[in-house]
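**Q** need a 3D model of the following:
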Amino acid sequence: MKKFLSLMLAAVMIVAVFAMVGCDKPEETTTADTTTAATTTEATTTTEATTTTETTTTEQTTTTEDTTTVATTTTPAPVDTTTTAPQPTELTTGTTLSVFDRFDFGTNSKAQAEGETSHEYIVANLTYDASRVAIRWTEDTVKIYATKSYDSSASRDSYALSFLDIVTYDFDDELVPGWGTWSGAPMNPGTTWVGRHQYAKLRILNNTTNNVVSVHWHRAGEGFATTTCAVSMYLQGGAPTTTTNHNLTTTATTEWAEYIYDMMFLSSAGREIMYNGKTSYVQVVNEAKTRNGYAQHNWSNANGNITALNFHFLGAYGKDGINDTRKNIKMGACVEVDYIVFGSSIEQLEAYKSYMEEGK
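**A** Residues are numbered from 1 along each chain as shown. Below is the predicted model of the structure:
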């Protein structure tokens, strides 16, 4: 719970220490067909989980979702007037998905060595606008360059790395959105164990003045909607603390940093800001604190697994003036990404390390 509040207010900067690495000029680039921006659609609203009710009698225990917790006792036969005290219900864990590390980048990454991905798969499924973006691969990373400054002619995804079909038989795991542990966790956990990919961990060297990235996604049969975007993924400049300062810029760095994001909350923030009229990230955070839970969100597994992703690493797609930072993209800007992986808990993702982090 303490980690969650830190997560929302500081965008969960976990570690920011490693090699001093700069982005040089692109020597080798990989190009692909230009991505065409998808049509924006509206996604289905999913409401957050509520508190759990436990009603205990001397004969059986019944658990009912979505009510207020009530404990009652009954008196046995008249010959025995002793009231039986209610017994506590112990939560037991269920199955938890392993880390989804398909996007551990590089020509010789740890995830590739362990059979979780391959460089060939990533290259074959990657598209981007080659007129604005160039990339260069290292053994354990991808360097992403802006070859043209942002202007009004740019489409929504002109600077994104797009994976328009991530469903494959090449690997066993898939990206399954939903609650990571208990439904409603970490703010208001219920008694239903889910164990899906609720969190994302990004390891990035952000040698630019841009302070926000975003992840746009959709499921089978859907499109990239304004309500299916995890926004407000803040970098080294941190999250804003007022409703008027949106912290869209930062000081460039040559240090590696790791950030863990709650995709359930940030997708909720995306829907609230981009569709429901909220005017700042701080406003969404305060509302979540007040209600002790998330507002409407679309990062759930109700409608299936994630089938496509757009990674906006050079500048975030979002609500203009609030968390869209594509205007920060300048020609020559470069970010280097080790990986973006998904997991069920902060602890699970903290334990995930690439070859570079292990010093190999």
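
**Q** go ahead and confirm residue 326 touches residue 152.
**A** No. Applying C-beta atoms under 8 Å, one finds residue 326 not in contact with residue 152, separated by 10.5 Å. The way it works is simple: take the backbone N, C-alpha and C, and place the C-beta from them, glycine included.

**Q** when these two are compared, which one has more neighbours?
**A** Neighbours per residue (other C-beta atoms under 10 Å) separate residue 326 from residue 152, with residue 326 holding more: 22 against 5.

**Q** could you find the closest non-adjacent residue to that one?
**A** Once flanking residues are discounted, residue 326 sits nearest to residue 315: 4.1 Å by C-beta to C-beta, 6 or more residues apart in numbering.

**Q** and for residue 353?
**A** residue 110 (7.7 Å).

**Q** check the protein for its longest strand and report it.
**A** Assignment by DSSP state E gives strand 334-343 as the longest strand of the chain.

**Q** name the helices or strands packed onto it?
**A** Judged by 3 or more C-beta pairs under 8 Å, 6 or more residues apart in numbering; DSSP states H and E, the packing partners of strand 334-343 are strand 142-146, strand 199-206.

**Q** now do the helix or strand following the shortest one: everything it contacts.
**A** This points to strand 142-146. Sequence-wise, the next helix or strand downstream of strand 142-146 (DSSP states H and E) is strand 161-163. Strand 161-163 is touched from outside by 35, 103, 125-128, 133, 135, 142, 144, 308-311, 313, with contacts defined as C-beta atoms under 8 Å, 6 or more residues apart in numbering.

**Q** go again using 7 Å as the cut-off
**A** The contact list for strand 161-163 (C-beta atoms under 7 Å, 6 or more residues apart in numbering) reads 35, 125, 126, 127, 128, 144, 308, 309, 310, 311, 313.

**Q** returning to that earlier point: tell me which residues are up against the longest strand of the chain.
**A** With C-beta under 7 Å, 6+ apart, strand 334-343 has contacts from 21, 23, 99-101, 103-105, 140-145, 175, 197, 199-208, 311, 313-314, 349, 352, 354, 356.

**Q** do stretch 95-108 as well
**A** With contacts defined as C-beta under 7 Å, 6+ apart, stretch 95-108 is touched by 110-111, 116-117, 119, 122, 137-142, 166, 171, 173, 175-176, 195-197, 337-344, 348-349, 352, 354.

**Q** which helix or strand contains residue 215?
**A** Per DSSP H and E: strand 212-219 holds residue 215.

**Q** after that strand comes which helix or strand?
**A** Going down the chain from strand 212-219, the next helix or strand is strand 229-234, by DSSP H and E.

**Q** phi and psi next, for the residue positioned nearest the centre of the chain.
**A** Centroid-nearest residue in the chain: residue 263, 3.3 Å away (criterion: C-alpha atoms, centre = their mean). The phi and psi values for residue 263, taken as degrees, to the nearest 10, are phi -70, psi -30.

**Q** and it, how far from residue 240?
**A** Residue 263 sits 20 Å away from residue 240, going by C-beta to C-beta, to the nearest Å.

**Q** same check on residue 147?
**A** To residue 240, residue 147 is 30 Å away according to C-beta to C-beta.
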